[in-house]
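> Requesting a structural model of the entry that follows:
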Amino acid sequence: MIVLAVDCMGGDHGVSVTLPACRQFLDSTPDATLLLVGNSPDLDAFQHSRARIVSATEVVTMEDAIEVALRKKKDSSMRVAIQQVKDGAAQVAVSAGNTGALMAIARYLLKTMPGIDRPAIASQLPNMKGGVTTVLDLGANVDCSAEHLLQFAVMGSALVSVLHNDPEPTVGLLNIGEEAIKGSEVIKRAGELLRAAAKAGDLNFVGNVEGNDIFKGTADIVVCDGFVGNAVIKTIEGTATMIGSLLRREFTRNLFNRLAALLALPAMRGLKSRMDHRRYNGAPLLGLRGLVFKSHGSADVMAFGCALKYAYDAARNQLLERVQMRVAHAAPLLAPDAQAAAAMQVAPSASGVVD
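Sure thing, here's the model as predicted:
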């Protein structure tokens, strides 16, 4: 039985989205149990044989500063949900709440794995090959070193190998060109580390990739810092919305366009389903000593349900253990001072301090 702790109060919509999604998930997933965390009359009225209410008297809002969420709201639904993972009561926590607060609380309670300095947020995007491209980091770390990018690549490889049954997923480094001489000093150094990791058998690195390669499916995993990753994902979301709006406007412009739209309807429905960002909702916070998944704050019932399913699959397929194994194998390269770490044969200690 896989146990998920759900922050039912987080996100833009709270229980009006999380509870219907939880019920649908339970009805379709017979080997899952939910710990529903929060404090609401709707929550108290929720009845299911595989659901249990865990009380939490506070809520982290989308506007709360990280300091408020971490230091002052110690009985928030977000924190209590993550505490269930720390205590071993649940294998994974899911929240649609404030991203910065979620990362800070998760890092404070669970700590990072040995060999990992900073957790990363990973998400999947549809590509032209009919599969998905996993991109990380998507905003957890704005300023990254070359070693951090290598850590993201190792963790992303573990994620894809678990969820897509691919033992050697390909890794690309997001850059302004394919040539190794291009990019900032950090990117060029990251390329060197990734090539060394590939030589050591820790990664299947295919080299630098550009932004359009995300949709081409050139690499299974694309690594970048959080500033670039967040800009990429927001641009993609905005572009998808704009294309949908333009198509609706064009197809209603005149009778001929309406007829064309009618003929194209089956293909358009397929494309809409394939490109629907709700299907790809749910992003793991990789590098922690426990599983935490972030849902989009504006997620509807379908999207939050997808995040629950994604988190369930990760726990069922032992994502945490697989990430730990990959990180341990690559420990000498992951350390900021690789030669010293290799000589000492120890990984750097994890810090619970929030940047």
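> for R316, what are its contacts?
I2 (Cβ atoms under 8 Å, 6 or more residues apart in numbering). C-betas here are computed from N, CA, C, even on glycine.
> how close does it get to I82?
19 Å (Cβ to Cβ, to the nearest Å).
> what's the answer for G191, then?
G191 is 35 Å from I82, by Cβ to Cβ.
> for K309, same thing?
K309 is 20 Å from I82, by Cβ to Cβ.
> Give me the more crowded residue out of these two.
The neighbour comparison of K309 against I82 (other Cβ atoms under 10 Å) goes to I82, with 28 against 18.
> helices or strands next to the helix or strand encompassing the more buried one in the packing?
Using DSSP states H and E, I82 sits within helix 77-86. Contact here means 3 or more Cβ pairs under 8 Å, 6 or more residues apart in numbering; DSSP states H and E; on that basis helix 77-86 packs against strand 2-7, strand 32-38, strand 51-55, strand 92-95, helix 99-110, strand 291-294.
> for this structure, what are the low-confidence residue spans?
Applying pLDDT under 70 to the chain flags the ranges 239-244, 246-248, 250-251, 254, 256-277, 335-355.
> Do a quick rundown of the strands in it.
Taking DSSP state E as the test, the strands found in the chain are 2-7, 32-38, 51-55, 92-95, 120-126, 132-136, 170-174, 204-209, 221-223, 283-286, 291-294.
> Most tightly packed of the ones you listed?
Across the strands of the chain, averaging neighbours per residue (mean count of other Cβ atoms under 10 Å) puts strand 92-95 on top, at a mean of 30.
> Show me what that one is in contact with.
Against strand 92-95 from outside (Cβ under 8 Å, 6+ apart): 2, 4-7, 10-11, 77-78, 81-82, 84-85, 102, 106, 282, 290-295, 307-308, 311-312, 314-315.
> again, only this time at 6 Å
Residues outside strand 92-95 that contact it (Cβ atoms under 6 Å, 6 or more residues apart in numbering): 4-7, 10, 78, 81-82, 85, 102, 291-293, 307-308, 311, 315.
> who does it pair up with?
Sheet pairing of strand 92-95 (DSSP bridges) gives strand 2-7 (parallel), strand 291-294 (parallel).
> so how far is the last one from its chain's centroid?
So that's strand 291-294. Distance of strand 291-294 from the chain centroid (Cα atoms, centre = their mean, to the nearest Å) equals 7 Å.
> can you list the residues that contact it?
The contact list for strand 291-294 (Cβ under 6 Å, 6+ apart) reads 92-94, 102, 106, 282-285, 307, 311, 314-315, 320.
> Kindly reformat those as JSON lines containing distance to A197.
Below are the contacts of strand 291-294 laid out as JSON lines (distance: Cβ to Cβ, whole Å):
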{"residue": "V92", "distance to A197": "27"}
{"residue": "A93", "distance to A197": "30"}
{"residue": "V94", "distance to A197": "31"}
{"residue": "L102", "distance to A197": "29"}
{"residue": "A106", "distance to A197": "26"}
{"residue": "G282", "distance to A197": "27"}
{"residue": "A283", "distance to A197": "23"}
{"residue": "P284", "distance to A197": "21"}
{"residue": "L285", "distance to A197": "22"}
{"residue": "A307", "distance to A197": "30"}
{"residue": "A311", "distance to A197": "28"}
{"residue": "A314", "distance to A197": "23"}
{"residue": "A315", "distance to A197": "27"}
{"residue": "L320", "distance to A197": "21"}
